[in-house]
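S.K.: here's a sequence, model it:
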Amino acid sequence: MNHDVIIALDFPSALDVYSFLDQFKDEKPFVKIGMELFYAEGPDIVRQIKAREHKIFLDLKLHDIPNTVKSAMRVLSRLDVDMVNLHAAGTMDMMRAALEGLTREDGTRPLLLAVTQLTSTSEERMRKELLISASMPDTVAHYARNAKEAGLDGVVCSPLEAALVKAACGPDFATVTPGIRFVDSAADDQSRVMTPEKARLGGSDYIVVGRPITRAADPVAAYRRCVKEFLG
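M.R.: Take a look at the predicted model:
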């Protein structure tokens, strides 16, 4: 299983993104394009960043009826991204349909991941607001097993649950974990967080890091620190 640090490009415009990426002279970091940037700039931002030779995680978290998600994934398959995702809560039928839509005629496709529970969601909110009575670990493990059975490559989960996902689904089932903070960083709006080093030891294959890098006084230095702490 590959391991890498993914920078979340949570910027409102292409100009902001290019200004940020231009600071990286010697590296081509793996990056995440989320809803804010994709909705602002459209598919062309994916093509432009790919032309700069970056790997891309397209983080749109699709969640709709199976046929709609299948059609949307067929469109996204035309973009040369490396990862895409959807919500595991959309059911196994939706995940299977997504996989079918994402797979190109030649059999190739990006990695397809299922979001288990957002790192901003606490177990208390899950119980009170979502009416999910199972514990957070049991819910994440169940969603991960559903994703594996549907043929997906892995899940997006909190680094706190990466080890239990590996236990439930095996070592080759990918764990992509946001909610990463340096020991001296603020948690911001995340409820379930972990340092890069602890995430590695806990079973994370890829970590997604946003503000601790993008809002750092020296983003390149912060990225290098994150790589060193995560990859050892």
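S.K.: after the longest strand along the chain, next one along is what?
M.R.: Secondary structure of the chain read by DSSP state E shows that its longest strand is strand 56-62. Next helix or strand after strand 56-62 toward the C-terminus (DSSP states H and E): helix 66-76.
S.K.: quick one, that next one and strand 56-62 angle?
M.R.: Per axes from the mean of the first three to the mean of the last three CA atoms, to 10 degrees, the angle that helix 66-76 makes with strand 56-62 is 160 degrees.
S.K.: make 20 the first number, not 1, from now on.
M.R.: Right, with 20 as the first residue, what we last looked at is helix 85-95.
S.K.: just to revisit the earlier point, so what strands line up beside the longest strand of the chain?
M.R.: Applying DSSP bridges to the sheet, strand 75-81 is found paired with strand 49-52 (parallel), strand 102-106 (parallel).
S.K.: burial measure for the closest residue to S152 other than its chain neighbours, as a count.
M.R.: The spatial neighbour of S152 that comes closest, neighbours along the chain excluded (CB to CB, 6 or more residues apart in numbering), is R146 at 6.5 Å. C-betas here are computed from N, CA, C, even on glycine. For R146, the count of nearby residues is 15 (other CB atoms under 10 Å).
S.K.: which strand or helix spans R146?
M.R.: Taking DSSP H and E as the definition, one finds R146 inside helix 142-149.
S.K.: roughly how far is the very next helix or strand once past that helix from the heart of the chain?
M.R.: The helix or strand immediately downstream of helix 142-149 is helix 155-168, counting by DSSP H and E. Mean-position distance between helix 155-168 and its chain equals 16 Å (CA atoms, centre = their mean, to the nearest Å).
S.K.: buried residues, helix 155-168. List them.
M.R.: Neighbour counts over helix 155-168 (16 or more other CB atoms under 10 Å) mark M155, P156, T158, V159, A160, Y162, A163, R164, N165, A166, K167 as buried.
S.K.: give me the contact list for that helix.
M.R.: The contact list for helix 155-168 (CB atoms under 8 Å, 6 or more residues apart in numbering) reads 107-108, 111, 114, 132-133, 135-136, 141-142, 145, 151, 153, 173-174, 176-177, 180, 183-184, 186-189, 192.
S.K.: brilliant, that's me finished.
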